[in-house]
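**Q** Predicted model, plus sequence, below.
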Amino acid sequence: MSIFFKSSIRYLYLFLILKLVLCCSKDDGPKLPEQAELFLPINGESCQSGNIINDNQTEVEFSWSDAKHITSYNLFIKNMVTSQTVVRNSLVTNSSSVYLIPGFPYEWHVTSVSENYPEDSVQSQTWRFYLLNDNQINSPPFPARLISPSSGELISLSNNSFTFDWDGSDPDGDVIKYDLFVDKVDGFQPTAEELKNISNSTKFVVLDSNSEYFWRVITKDSNGNQSSSQVYTFRTN
């Protein structure tokens, strides 16, 4: 075998070894945090597993999946009636116990945070649950989520009418109906009979053009419980 051929083989081996070392040591750098999957409390249900501290406090355990490429989690819990929000920042585990006031509906979510991407936190889905009182058997329905028109929206009428759209549910799976309130004062004025006891979550309503309106929805279940949504404002063109 010629010296030239042996040298060529030697250089080829060295080249392959060097390439292998470089490939193995290659660093893609930090990655964006991934979304956490929520576990407990279960979405859309009543929470009965909390540790009752007193009449005004129940300890509720929140848990979610481990998300990749994170430094910590932030937990957000909002009382859907009072809008009071509890925040737990910089959690390094995928669970946290929080004291909450029983007898209210709550919604919650988790954000995944990476110190490498402080401006790019990733939010989980938002879940709802109702925290029962100690002697409470049936939960009120969740406050309706107003979809259309959105708050502050300028809407176009069709034949002087508009289709209102919202979303509602009940933690116990009870049959629910809705009362729709639409007025030019505050959203709390008496509503027309045809806007009461609506079975669907949409309703076609005649409106005046070039006017400001307020609207909200009351959700009622088959056990006599009810809840009110937020009040949204909108304008017609």
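**A** Ah, there it is. Residues are numbered from 1 along each chain as shown.

**Q** how is the chain carved up into domains?
**A** Domain assignment for the chain by automatic domain parsing gives 38-131, 145-236.

**Q** So which residues of this protein form helices?
**A** For the chain, the helices defined by DSSP state H cover 3-24.

**Q** Flag the helix or strand of it with the lowest per-element mean pLDDT.
**A** Averaged element by element with mean pLDDT, DSSP states H and E, the chain has its least confident helix or strand at helix 3-24 (a mean of 56).

**Q** Quick check: residue 177 vs residue 33, distance?
**A** Using Cβ to Cβ, to the nearest Å, we find residue 177 at a distance of 42 Å from residue 33. (Each C-beta comes from the backbone N, C-alpha and C, glycine too.)

**Q** if I pick residue 141, what's in contact with it?
**A** Counting by Cβ atoms under 8 Å, 6 or more residues apart in numbering, residue 141 touches 168-171, 174, 176, 219-221, 225-227.

**Q** Next: residue 155.
**A** Residue 155 sits in contact with 149, 162, 234-237, where contact means Cβ under 8 Å, 6+ apart.

**Q** one step back: tell me which of the contacts of residue 141 is nearest to residue 46?
**A** Nearest to residue 46, judged by Cβ to Cβ, of the contacts of residue 141 is residue 171 at 4.3 Å.

**Q** Dump the domains of the chain into JSON lines; add mean pLDDT and distance to residue 139 as well.
**A** Putting the domains of the chain into JSON lines (pLDDT from 0 to 100; distance: least, Cβ to Cβ, whole Å) gives the following:
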{"stretch": "domain 38-131", "mean pLDDT": "95", "distance to residue 139": "4"}
{"stretch": "domain 145-236", "mean pLDDT": "97", "distance to residue 139": "4"}
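
**Q** Take those and write them to JSON lines, including distance to residue 138.
**A** Below are the domains of the chain laid out as JSON lines (distance: least, Cβ to Cβ, whole Å):
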{"stretch": "domain 38-131", "distance to residue 138": "9"}
{"stretch": "domain 145-236", "distance to residue 138": "5"}
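
**Q** For residue 128, see how far away the closest residue to residue 136 other than its chain neighbours is.
**A** Leaving aside its sequence neighbours, residue 136 sits nearest to residue 103 (Cβ to Cβ, 6 or more residues apart in numbering; 6.7 Å). Between residue 103 and residue 128 the distance is 15 Å, computed by Cβ to Cβ.

**Q** More neighbours: which of these two?
**A** residue 128 (20 against 17; other Cβ atoms under 10 Å).

**Q** Residue 80 is in contact with that one, correct?
**A** Yes - counting by Cβ atoms under 8 Å, residue 128 touches residue 80, with 7.3 Å between them.

**Q** any common contacting residues for the two?
**A** Joint contacts of residue 128 and residue 80 (Cβ under 8 Å, 6+ apart) are 105-107, 142.

**Q** State the distance from the residue most central in space within the chain to residue 88.
**A** Residue closest to the mean C-alpha point of the chain, counted by Cα atoms, centre = their mean, is residue 126 at 1.9 Å. Here residue 126 is placed at a distance of 16 Å from residue 88 (Cβ to Cβ).

**Q** What of residue 210?
**A** Distance, residue 210 to residue 88, using Cβ to Cβ: 47 Å.

**Q** More neighbours: which of the two?
**A** Comparing residue 210 with residue 88 by other Cβ under 10 Å, the one with more neighbours is residue 88, at 15 against 8.

**Q** Surely the more buried one is in contact with residue 98?
**A** Yes - counting by Cβ under 8 Å, residue 88 touches residue 98, with 6.7 Å between them.

**Q** Disregarding residues adjacent in the polypeptide, which is nearest to residue 151?
**A** residue 232 (4.3 Å).

**Q** Count the neighbours of that neighbour for me.
**A** Counted with other Cβ under 10 Å, residue 232 comes out at 21.
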